[in-house]
Structure formats: structure tokens, C-alpha cells
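A.B. asks: sharing a model prediction with you, sequence too.
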Amino acid sequence: MLMSHHLETFAKAFPIEFTVPSRVFVVPTSNLNSTIPSEKLGQRLSQLNTVIAGLNGHGIFKWHASMFPGVFKGQQETAWSAALLLLKTISQTQTKESISLLLGPALKCLAPQFLDGLALTDLLVKEFRKNSRNCDLGATIMFGRTVIEFMPPEHPQRRSALISLANIISERFNEEGTKESLDGVVALGRAVSECMSPNDPQRLALYLGLDDFLSQRFKSRGALVDLEEIISLRRTMLESTAAPDRCKPLLSLADSLYEKYQKLGSVGDIEEALRLVHTASQLSPPEHPDSVLSQERLTRFLKAKIRKGIVSTHVNGLGINPSGSNSSIIEQLIEKVVFETLENIPPRLLHTQSGILCNRDAQLSRFKDGPQYKRLLSRRSSANSQQLEAEVKDVVSECFAFATLSHRWGSGEPLLRDVEGRNIYDLNPTNGLEKHSLEKLQTFCVHALEHNLQWAWSDTCCINKDSSTELQEAIGSMFSWYRRSSLTIVYLADIGHIGSLASSIWFKRGWTLQELLASNTVLFYACDWSLYANSDAANHKADPTLLEELCKATQIAERHLTGFDPGMEDARSRLCWASRRRTTRPEDMAYSLFGIFKVQLPVLYGETAQDALGRLLAEVISRSGDVSVLDWAGEESSFNSCFPANLEPYQTVPHIQLIPGDPAERKCLDLGKAQKLYDDLARLPLARCVHRRIVLPSIVYPVTTVTRKVSSTSPSRCTYQIHASRLAPLEVTSLVNLDEGAGKYFLVRPWHPKSLQMQTGSDDDAIWNLLEQLEQPFNALLLKRLLHNEYKRVVCDCTITARVQDPASILDSEVLTLEVV
């Protein structure tokens, strides 16, 4: 029964690829590589048989000891180590449980050689060193662990055995990179360090190795306990290093303190890191490589300190001691998480419980006075670092969660000067404040409070519009604020119990587009502050009926309404969404799209609306190369002739009727010329806008004749028939008087690299796909050549749909990059 009880322990002693049958127990075999000297093998087998004889009379299993060549695939030392472990476990358990079996006397006979004192230890150490490099790493590590287990703490060779085993496990980690090996070598390194005296010559090498493995583990797992141990190790190494050689240890310690600062944001850590770098820079002359390293760290550390310095001033209002050693982990975690949170929320928020507008200092003060902060401080001695950090993030996120208001501005809205230093719930509609606008703000805050949100933000009173700097920051951050808000409350002042979303002016305003797209959770309220359509959904974007109505009202697909990603993707569709909306200030129409396109541009109130839109379109085309934004018809912009004067032309969604291709035509085409055309298009750069000039990669079709036809119904407009090289004749109507003749005009097909399928190896499919694409009709631009090889777009009443006249002529296409003003 005892053997059965320890079967699991026995099995676990073997590498995973071995199987130990439930009733077969093995001992080392006779082999030259055996850890048992061959002259003693017979003697030990006889001793084991003595033990077995006693067991066979007191158990349900039949025991047998014999030689089994090859059972362990030449790893006899593995088997012997396992046998020793098993015998030791049985002996210990027998002592603890006072089980009276004949095994006891048998083990006593073996004790002098197997389980007693230094004799066994010396034998094991000798065999371990003898065979550690003659077998595979798994077996060697198992045997080494057996050696350590049998070795008393005071044994003179314990340290060397630990070092040997650590080196072998390190070798396995370098080969396999497993988590278990890394943990094993770190644990052994710690054990070795405990055995060493402060003056041991190998101490520094050991610390360097342990530092390396701890650093690898910290990089992979980010555990603060490892970082703290790294810092402690590096302090110890610095103390034991002579002055001339202290530069690198100083920089290493500075690096680890910088890591801690990045993790926790403690000012004391970055200050100490900077002091260490300054000390290191004084130890090496300017031309020394270490001086360059010091300078690089000094620059990087200062940038980090400056970057976090602004908000850190407010965070110190928490009363947290940032000086390093006296600051607890939990306090540093709170400081770090609060700093990260404040970076991403509005600097002014309305406190929904008190009705007071709070800046960051006041927000932090309320956080510190709250029960959540005190509860976090009480957790300083419990939970591991990851659990603690997760809890701090959850609590801080909850404490600074806020609601945002989305609405149509009315007259007499409460501004910053009206609410600063006052309780909004006590305000009365006087001094220019309209009753309806004031009640809107008050009711919004109450609804936010009903949703357990302590904070609320409104664009009416939470921005200092007299400060151009603050206004610029607010416009640049507004999309992210709505994205990070826990709830956006949309107030539809013109919608009652009867009505539809699409009829509200809210869907015609420019700023509300980004507010709708950015917000993850939205609730629509009617004019009487009842939920629209009496929907009790926690998020109206998740209500199928309301979501369908939203799609119809905005002409925006469901996937964008529920999971919109800001950026340049499908730029023309985003312009189309905004094309039917208006803003009070014309230039705001462009500014309201900055967040949707994820661009950071200056807000220049006073510039023309055309310049504001032109700067936005120039940024879009320069960052994405998306030429679809040039696909419009209407009034041109003074910014560039390829841009429209406003967004209205984007209301029209381009649609081209595709024509089927004829695969038989492939046989008639010159594959060599087709490959050249493919290569020419592949070499074209992205379109971009530089100093109001558009660099436009294009396929160019020179106009051969322009013929004026009968005037259109409007006396100011003329219709022209245009013939261009390789294109079918077409007609255009324009306000511009075109010169009849050849050489001045060009029809061009703007080109974007994404239109080109990637060609792999000798695959011709990409070429044929290109030719089929070029055979299709396309929206062309009509350009007029100016002096100095510049071009200007000729504006037409409608888009120009062109198509090639002969598919074979596609191979003669002219590919150019033009400069359009």
C-alpha cells in the first residue's frame, strides 16, 4: 500500500516521455554510462531484493527487481535518481505515519549507503559531476535535483552543486526558452546567493547572471516583484564596484529605476535615475563610449519626466509621497493610474452630486476624500501585484467615469463664466441665461447621476472658449472624450412623443456626427426628457429597432455606428456622411471632422471655410494617397482646383456601371507590354498635397479636339464634345469656356496603389486583373495645362465618366505624375 501511495511521486520523477506501468518498478541497468559503479551493481541489486522480499510478504503487489536493458533508453542515471527519491519518500512517510512494515529494517540496512549523512551526498555529487555532460539535459537536471535534495545545507559542496545545476538549467532555457526553466534558474540563483559570503570572488558573476534572467522574466511578465529584486541586485553590485568601473553599474541601476518610473510613475524613481546618470557622465571623458550612453539616457529620462510633468503636478495633490523608498507600491500604483486617467479625460467636469464645476485639482481632491481611495490604501499588504493593479484601474476608472452631453446649442446656454464657482442646481435663468438651456444642463447632470456617474461634461460650460489654446486642445481631444465617456446623453429638443429621429435638427448639425460615431453607449431623450420611443435598452445603439432608424437617418452603415474606427479608411464615405450637415461657423465644418479622420491640425478661427476644408483634404490625401476625395463635381476651392469649395458635392455617391470583360481578348494582348504597364503603375508614388499643390499620379489621355455644341438651357453654361486619345468621345457641361483645339487639355485617371493587385512570382493573374480594371469606365478629371508644366482642374457640372475605346489601346497608356494647382 505504501508503494501504491507513492506511485504518483515516483512517476513524476521521470521525464514526461516515460511511462511507468502501475505494477512494474525498475532499477538501474547494467551499462557503461550507469551512475552506479559496475562492481557495486550486483551488491545493490542484492540489497534491493532483500527489501523486496520483505515487501512481498506484506502487500497486494508482487515486487520484482532485475536488470532491464534499454528501459530508460540509455538514461540509467534517471532511473537510479528516481529509485533514490522513491526510497527516501517511503522512508520519510513510514517515519511520519508510523507504519510498521518490513521495509523499515531493510532501509536501515541500506541507510549507510543510501539515506545517511555525507556518504550518500559525496557519492551523488561525484556521480553528478562525472556524468552531467554525458547525458541529455532533462536527465541531468533530474539527477542534479536529487543531489541537492539529499545534500544537507551545511555540506561544503552545496554551493558548487547549486551552481552546476543552475548552469545546466540555464543551458536548457537557452535551448527551449520555457517558463519552468527560467523560474528554475532564478530560484537556484537566489539559493546560491544565500550560500555566498560578501567577499566571494564569484559573487559579482552570479549577480550578473541572476540580473540577466530576472530581466528576461520581467520583460516577458512585467511582475513588479522581479523589478524590485533587479533594483536591489544592481544596488548591491554598485556598492561592491570600485570607482573607476562604476559607470556601467550606475547606468544599469538608472535603467531599472526608469523602468519602475514607466510602470508606476513615481517622481522619486526618475529623479534618482537622473542623479545616477549625472554621476556616470562625470566618470567618463566625452570621447568615451560610456559618455554617449550616459547622454542618451539623460535625454530619454528628461523627455519622460517632462512629458508627465504637467499632470504630475496635479497628481501630487493626492497627498501621495512620491519620493521613492517611503512610497508604498499601492500609492505609486494609484498615482500612475490616476495620471493615465487624467491624461485622457476633460480637464473640467461637473460633479453631478454637488453641481460644482471642478478642475483637475478639485477632481483629485474629491477622489482622495472618497471611500474608494481609502479602501485601496487598505489593500497595501494583500493581493499580488497584477491583481492589485487591476483593482486600482477598476476603482480609478469608476471614480472618474463621466457622461457627455450631445445636443443642438440654443440661445442663452450657460458658459464657463456662468457656472464657475457656483452650484448649477442653484442657478436661476437670469443675466442672459435662458430657462430652457439652464434646465437642459441641470437635467443632464441629474440623468448622469441616475446612471451612477459622478462626473458630467458639456461643451457649453466645460471649455474656456476665450482661451485659444484651451479651445484648440478641446477640439483636438473631443472625439477621444466622447469615445472614453461611459454614456453619451443625446437631447433632442425638437422631438416629442410623435416624431422620428430623422426629423430632428440634431442630425443636420456638423459637430453631432463625431459625437454619434465616437460614443460607445448612447441614450436618446425627447424634449420632455423621456427616453426616445420609450426604449428601455441600456444602449440605444444596441436596440435593433432604434439602430435601424439611426442607419436610415444618417445613411451610415450599422457597423460604423456600433464600432467606428477613426482614420483615413474610405475617406470619401466619411465626407459623404458630413455633406448634408451644417455648423454655425463655416470653418467648423472642417474642424468637426478632425477627430473622425484622426488628424491633429491647428484650429484657425477667422480663416475661410475653403481654407479649413482644404487643409483637411490636403492632410487626408497626403497621409492616405486616397484619390477618391477628388471624385466630385461642383464649385472648386480657392485652396486647390482639385478640392471642392464645400462638402456639398460629396452628397453624390459615385456609381459606375461595370461592363463584362471578354477573356478571349487576352490571347490578342502583348504580355510584355502589359507587364511594363503594370511595372510603371507599381512605381507611381502616393498622391500628396504640398504647399497647396497636389502631386497626382495618373494615367493620362491627351485631348485631341474640343468642339462646342449648342448652349445648354443655362446661358452661362456650355456643352462640349471632347475627343481624347484612346478614349471614346464624351460630353461635358461647364461654366468655363474651353478653347477649341488640341494640346491644352488632358483627361486623367487618378491612380492609387491599392488599385494594383500584388503580383507574386510569375503569376500573370495580377496583370490580367489590371487590364480588366482599366477596361472599365472611370471618373476622369479634365485638366488644363498651364505654364511651368503645371495643371489646373476644369470644373464641370457633373462627374466625367470615361472609358477606353479599344481594349488593346490600354497597353499604350501614358503614366505620369502631374502637379495640379
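C.D. replies: Good, I have the coordinates. Numbering: from 1, shown residues only.

A.B. asks: which element, helix or strand, includes the nearest residue to Leu696 once chain neighbours are set aside?
C.D. replies: Taking C-beta to C-beta, 6 or more residues apart in numbering, and ignoring the residues beside it in sequence, Leu696 has Leu818 as its nearest neighbour in space, at 4.9 Å. Every residue, glycine included, has its C-beta placed from N, CA and C. Using DSSP states H and E, Leu818 sits in strand 814-820.

A.B. asks: equivalent analysis for Arg234, please.
C.D. replies: In the assignment (DSSP H and E), Arg234 maps to helix 224-239.

A.B. asks: list of residues touching that helix?
C.D. replies: 204, 207-208, 210-211, 214-215, 217-218, 246, 249-250, 252-253, 256-257, 259-260, 263-264, 329, 385 (C-beta atoms under 8 Å, 6 or more residues apart in numbering).

A.B. asks: just the buried residues from these, in ChimeraX please.
C.D. replies: In ChimeraX syntax, the buried subset of those is picked out as below (16 or more other C-beta atoms under 10 Å):
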select :207,210,211,214,215,217,218,246,249,250,252,253,256,257,259,260,263,264,329,385
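
A.B. asks: show me where pLDDT drops low in the stretch 351-500 of the chain?
C.D. replies: 380-384, 431-432 (pLDDT under 70).

A.B. asks: actually the chain, not the one I typed
C.D. replies: Low-confidence segments of the chain (pLDDT under 70): 1-144, 146-151, 285-287, 306-328, 380-384, 431-432, 661-667, 710-714, 741-742, 759-763.

A.B. asks: hmm, try it at 50
C.D. replies: 1-35, 60-61, 67-75, 88-121, 123-124, 310-314, 317, 320-327, 381 (pLDDT under 50).

A.B. asks: buried sites along stretch 801-819?
C.D. replies: Those would be 802, 804, 807, 810-811, 813, 815, 818, for stretch 801-819 by 16+ other C-beta under 10 Å.

A.B. asks: er, stretch 342-353 I mean
C.D. replies: For stretch 342-353, the neighbour count (16+ other C-beta under 10 Å) marks 342, 345-352 as buried.

A.B. asks: now, which of these lie within strands?
C.D. replies: 349-351 (DSSP state E).

A.B. asks: of those residues, closest to Asp361?
C.D. replies: Closest approach to Asp361 among those (C-beta to C-beta): Leu349, at 12.0 Å.

A.B. asks: mind listing the residues bridging to the closest one?
C.D. replies: On the basis of DSSP bridges, Leu349 is bridged to Cys358.

A.B. asks: now the angle between strand 814-820 and the longest strand along the chain, please.
C.D. replies: Taking DSSP E as the criterion, the chain has its longest strand at strand 693-708. Interaxial angle, strand 693-708 versus strand 814-820 (axes from the mean of the first three to the mean of the last three C-alpha atoms, to 10 degrees): 110 degrees.

A.B. asks: sheet-wise, list the partners of strand 693-708 with their directions.
C.D. replies: Here, using DSSP bridges, strand 693-708 pairs with strand 688-690 (antiparallel), strand 718-724 (antiparallel), strand 745-750 (antiparallel), strand 814-820 (antiparallel).

A.B. asks: could you export those as CSV, including distance to His497?
C.D. replies: Formatted as CSV, the strands paired with strand 693-708 follow (distance: least, C-beta to C-beta, whole Å):
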stretch, distance to His497
strand 688-690, 49
strand 718-724, 52
strand 745-750, 50
strand 814-820, 53
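
A.B. asks: just those: most buried one?
C.D. replies: strand 745-750 (a mean of 24; mean count of other C-beta atoms under 10 Å).

A.B. asks: how about residues contacting that strand?
C.D. replies: Here strand 745-750 makes contact (C-beta under 8 Å, 6+ apart) with 627, 630, 687, 696-703, 706, 722, 724, 727, 738, 778, 780-785, 791, 794, 800, 802, 818.

A.B. asks: so of the contacts of helix 224-239, which ones are in helices?
C.D. replies: Per DSSP state H, helices hold the following members of the contacts of helix 224-239: 204, 207-208, 210-211, 214-215, 217-218, 249-250, 252-253, 256-257, 259-260, 263-264, 329, 385.

A.B. asks: measure the residue positioned nearest the centre of the chain to Asp626 for me?
C.D. replies: By C-alpha atoms, centre = their mean, the chain has its centre lying nearest to Asp565, at 14.2 Å. Using C-beta to C-beta, to the nearest Å, Asp565 is found at 15 Å from Asp626.

A.B. asks: then Ile656?
C.D. replies: Relative to Asp626, and taking C-beta to C-beta, Ile656 is found at 17 Å.

A.B. asks: what about these two, which has more around it?
C.D. replies: Set Ile656 next to Asp626 and count neighbours by other C-beta atoms under 10 Å: Asp626 wins out with 20 against 12.

A.B. asks: is it true that that one touches Val620?
C.D. replies: Yes - between Asp626 and Val620 there is a contact at 6.6 Å, judged by C-beta atoms under 8 Å.

A.B. asks: so what's in contact with those two at the same time?
C.D. replies: Jointly contacting Asp626 and Val620 under the rule C-beta under 8 Å, 6+ apart are 568, 571.

A.B. asks: which one among the buried residues of stretch 801-819 gets closest to Gly268?
C.D. replies: Closest to Gly268, out of all of the buried residues of stretch 801-819 and judged by C-beta to C-beta, is Leu818, at 59.2 Å.

A.B. asks: that's all I had, so thanks and see you.
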